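Participant: just to be clear, the model below is a prediction. Sequence and coordinates:
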Amino acid sequence: MDRKNVFVITHPLISHKLTLMRKKDTSTSTFRAALQELSMLMAYELTRDLPTVETQIDTPLMPMRAPVLEGKKIVLVSVLRAGTGMLDGVLKLIPSARVGHIGLYRDPKTLEPVEYYFKVPSEMADRDVIVMDPMLATGNSAAAAIERVKSTQPRTLKYMCLLAAPEGVRRLSDAHPDVPIYTPAIDERLNDHGYILPGLGDAGDRLYGTK
């Protein structure tokens, strides 16, 4: 899929962990651990272009100028509920990040998103935001989440998912062509119920052992 705002991360460790998560006999604990580890590895790629500025520090041996992240702290926005599994992994890499949550559920008949919760830091301007949700399926919830976060006027905005369907990539790209999408894989298609094929099932159910 040739879209300038879509980045497929093909690191061998990420691909390996994604395969573990796809297997239907993978336990809840293994799935949860793999999701955290995969998310942390992906975060390295997503944060590669964060701006830095130099500051004066003292090492044990001498003073020097050294780079630190520029601007306000990063905000990680988790799309409930499955996005929380990704959040834990990224926070291990960026423990000082601020955290926001957006609650959306997909109407089973229309497949359209319904928002039921939204809470982010009070000051979002000049912050770099990463919205995370494991599955980019129809793209309707992702587009709604991005639209909601955009209303807070962050400095930059990125979308991070574990798995994507071509339909979801098109929907999100068409709605928000300015927002880069990062994913380890774009699968074949959606089925009649809006699930990604071959996919890995329902990420939330597998993460929390609810099915």
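Facilitator: Received it, and whenever you're ready, just let me know what you need. Numbering: from 1, shown residues only.
Participant: where does pLDDT dip in the protein?
Facilitator: 1-2, 111 (pLDDT under 70).
Participant: residue ranges of the helices in it, please?
Facilitator: According to DSSP state H, the chain carries its helices in the segments 12-22, 28-46, 83-93, 140-150, 166-175, 203-208.
Participant: make a markdown table from these and add distance to Thr52 and mean neighbour count to it.
Facilitator: Every residue, glycine included, has its C-beta placed from N, CA and C. Output for those, formatted as a markdown table (distance: least, CB to CB, whole Å; neighbours: other CB atoms under 10 Å):
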| stretch | distance to Thr52 | mean neighbour count |
| --- | --- | --- |
| helix 12-22 | 25 | 16 |
| helix 28-46 | 15 | 19 |
| helix 83-93 | 16 | 21 |
| helix 140-150 | 24 | 21 |
| helix 166-175 | 29 | 19 |
| helix 203-208 | 33 | 19 |
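Participant: what is Val99 paired to in the beta sheet?
Facilitator: Leu76 (DSSP bridges).
Participant: thought it was touching Leu76?
Facilitator: Yes. Using CB atoms under 8 Å as the test, Val99 is close enough to Leu76 to be in contact (5.4 Å).
Participant: where do the contact lists of these two overlap?
Facilitator: Leu87, Leu91 (CB atoms under 8 Å, 6 or more residues apart in numbering).
Participant: which of the two has more neighbours?
Facilitator: Ranked by neighbour count (other CB atoms under 10 Å), Val99 and Leu76 place Leu76 first, with 25 against 16.
Participant: give the contact list for that one.
Facilitator: Leu87, Val90, Leu91, Ile94, Ala97, Arg98, Val99, Gly100, Val129, Ile130, Met132 are the contacts of Leu76 under CB under 8 Å, 6+ apart.
Participant: ok, and the closest non-adjacent residue to Pro154?
Facilitator: Counting by CB to CB, 6 or more residues apart in numbering, Pro154 lies nearest to Val129, which is 4.2 Å off, once chain neighbours are set aside.
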